[in-house]
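Asker: how would this look folded up:
(one chain, ligands or ions: 2)
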Amino acid sequence: MRILTALQPSGILHIGNLFGAIEPMVKLQIFGNENLLFIVDYHAITVPQDPAELRRNILFAAATYLAIGIDPKKTILFQQSRISEHTELAWILNCLVHMGELERMTQYKDKARGKGEAVSVGLFDYPILMAADILLYDTNVVPVGEDQKQHVELARDLAQRFNKTFGETFVIPRPEIRKEGARIMGLDDPDKKMSKSASSEKNYLSLMDDETTVLKKIKSAVTDSGSTITFDKTRAGLANLLTIYSLVTGKTTDQLVNEYEGKGYGDFKIGLAGTVSSYLAPIQEKINNSLEDESKLLSILDQGAARAKAIAEKKMADVRKKIGVTLS
Ligand code: ADP
Ligand code: TRP
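Answerer: Numbering: from 1, shown residues only. Ligands and ions are numbered 1, 2, ... in the order given. Sure, this is the predicted structure:
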């Protein structure tokens with residue numbers, strides 16, 4: 001079974017990314033699975049990036065995955081831009097996709113809103129590069145958060161269309177949407193998902209937040225006017241905090257509700273902040289250590305790229321032949 005996912009090198013990773021995207025990949029590193037995890041730097045440049053910062057963020061992303069438990073022996077860890085077949089296949093898929101299909105993508109509509117004409121063609125085309133990412137490796141399963149489901153479905157449609165037009169070439173991938181942690185909500189607005197692009201830093205818990213910041217952010221997290229700790233989806237803010245609590249402790253929300261019986265929001269938030277900080281401390285230490293040894297990090301990414309390239313080259317040779325551009 002080939003399992004593949006990717007994340008943008010966005011600098012700040014928050015606990016939504018951690019529980020929604022990275023941690024599930026760590027758990028999937030079991031015998032029988034072939035895993036690929038990569039840093040989609042060419043997706044990142046669909047919006048303006050400072051070059052020096054982008055480089056830093058790519059390394060930071062790699063260091064983070066290793067700190068969370070990605071084992072480069074079990075998972076092919078690499079940087080998207082190193083494998084030119086991604087953009088090559090994207091071009092070919094561009095010629096199969098219809099404008100209307102991309103215009104329907106909700107992430108594009110969200111990201112383009114209010115920007116008028118000043119939106120890059122890359123942002124519009126983003127789902128096609130993502131489809132190429134997935135199809136290039138004969139991926140069976142794509143673990144993603146809910147917000148990416150529509151993109152994976154487009155990749156499925158394009159794989160089917162290509163196969164029908166040119167003959168069996170691509171494996172049809174399926175999205176796997178995580179239930180637990182699939183959608184961590186914003187601390188300051190529990191009706192919207194936690195996101196690094198939120199307008200306030202109080203929206204998210206970054207993996208690099210120190211103890212004081214964690215406490216400050218959790219204390220200011222939006223709850224409701226109630227006073228007891230219960231798990232109730234209609235109490236969105238509290239339910240979100242309980243979900244985070246459960247993810248960092250491994251306890252069920254029921255267990256936590258029992259623990260906090262008779263206690264109020266104050267105790268609950270202090271308890272949660274303490275646990276989040278202890279959870280993050282060893283991760284932060286590993287990230288920092290890894291960043292200090294840049295040559296080791298680069299060597300891991302080199303090895304990952306070599307392994308990915310071998311798979312991608314073979315697939316592209318087949319694709320070129322199928323569409324008729326290979327002459328001999
Ligand atoms: P952001 O919204 O912060 O920019 P990205 O779009 O870069 O996050 O998402 C990176 C990965 O993390 C994706 O797989 C996405 O589904 C997952 N993810 C993002 N936000 C959340 C969240 N709030 N809860 C769970 N998973 C999330
Ligand atoms: N679009 C994804 C996101 O923003 C990142 C991504 C790019 C991806 N290529 C992918 C995810 C391939 C899974 C598979 O989160």
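
Asker: going forward, measure contacts and count neighbours with C-alpha atoms only.
Answerer: OK.

Asker: Burial check on residue 199, number of neighbours?
Answerer: Look at residue 199: counted by other Cα atoms under 10 Å, it has 8 neighbours.

Asker: which element is it on?
Answerer: Using DSSP states H and E, residue 199 sits in no helix or strand.

Asker: pLDDT below threshold where in the stretch 201-328 of the chain?
Answerer: Of all residues in the stretch 201-328 of the chain, none has pLDDT under 70.

Asker: Spell out which residues of it are next to ligand 2.
Answerer: By the rule Cα under 6 Å from any ligand atom, no part of the stretch 201-328 of the chain lies against ligand 2.

Asker: now the helices for the stretch 201-328 of the chain?
Answerer: Secondary structure of the stretch 201-328 of the chain by DSSP state H, counting those that start in this stretch: the helices cover 211-219, 236-249, 253-259, 265-292, 294-323.

Asker: got JSON lines for the ones you listed, with mean neighbour count too?
Answerer: Listed next are these as JSON lines, based on neighbours: other Cα atoms under 10 Å:
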{"stretch": "helix 211-219", "mean neighbour count": "18"}
{"stretch": "helix 236-249", "mean neighbour count": "21"}
{"stretch": "helix 253-259", "mean neighbour count": "15"}
{"stretch": "helix 265-292", "mean neighbour count": "17"}
{"stretch": "helix 294-323", "mean neighbour count": "16"}
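
Asker: Of all those, which one comes closest to residue 94?
Answerer: helix 294-323 (13.5 Å; Cα to Cα).

Asker: what packs against the closest one?
Answerer: helix 51-68, strand 75-79, helix 85-94, helix 265-292 (3 or more Cα pairs under 8 Å, 6 or more residues apart in numbering; DSSP states H and E).

Asker: Report the buried residues of stretch 68-75.
Answerer: Residues of stretch 68-75 classed as buried by neighbour count (16 or more other Cα atoms under 10 Å): 68, 70, 72, 74, 75.

Asker: Could you check how far residue 147 is from residue 119?
Answerer: Separation of residue 147 from residue 119 (Cα to Cα, to the nearest Å): 20 Å.

Asker: out of these two, which sits in the more crowded spot?
Answerer: residue 119 (16 against 13).

Asker: ok, and the closest non-adjacent residue to that one?
Answerer: Nearest in space to residue 119, with sequence neighbours left out and distances taken as Cα to Cα, 6 or more residues apart in numbering, is residue 112 at 6.3 Å.

Asker: hang on, the one you found packs against residue 122?
Answerer: No. Look at residue 112 against residue 122 with Cα atoms under 8 Å: they stay out of range, at 11.4 Å.

Asker: and residue 30, backbone torsions?
Answerer: Residue 30 adopts backbone torsions of phi -120, psi 160, taken as degrees, to the nearest 10.

Asker: Read off the pLDDT value for it.
Answerer: Listed pLDDT for residue 30 reads 87.

Asker: what's the neighbour count on it?
Answerer: 12.

Asker: From residue 2, how far out is it?
Answerer: 12 Å.

Asker: can you check residue 83 too?
Answerer: Distance of residue 83 to residue 2, given as Cα to Cα: 18 Å.

Asker: between these two, who's got more neighbours?
Answerer: residue 83 (18 against 15).

Asker: For this structure, what lies in contact range of ligand 1?
Answerer: Residues of the chain lying close to ligand 1 by Cα under 6 Å from any ligand atom are 7-8, 16-17, 20-21, 144-148, 181-185, 193-197.

Asker: if you set the cut-off to 5 Å instead, what comes out?
Answerer: Residues of the chain lying close to ligand 1 by Cα under 5 Å from any ligand atom are 16-17, 20-21, 144-145, 182-184, 193-196.

Asker: could those residues be laid out in TSV, adding neighbour count?
Answerer: Shown next, in TSV, are those (neighbours: other Cα under 10 Å):
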residue	neighbour count
16	25
17	23
20	23
21	21
144	25
145	21
182	19
183	21
184	26
193	18
194	23
195	22
196	20
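
Asker: Flag the least confident of those residues.
Answerer: Per-residue pLDDT puts residue 182 lowest of these, at 62.

Asker: list the contacts for the residue of the stretch 201-328 of the chain found nearest ligand 1?
Answerer: Across the stretch 201-328 of the chain, the shortest distance to ligand 1 (Cα to the nearest ligand atom) belongs to residue 204, at 8.5 Å. Shown in contact with residue 204 (Cα atoms under 8 Å, 6 or more residues apart in numbering): 14, 15, 186, 187, 194, 195, 196, 217.
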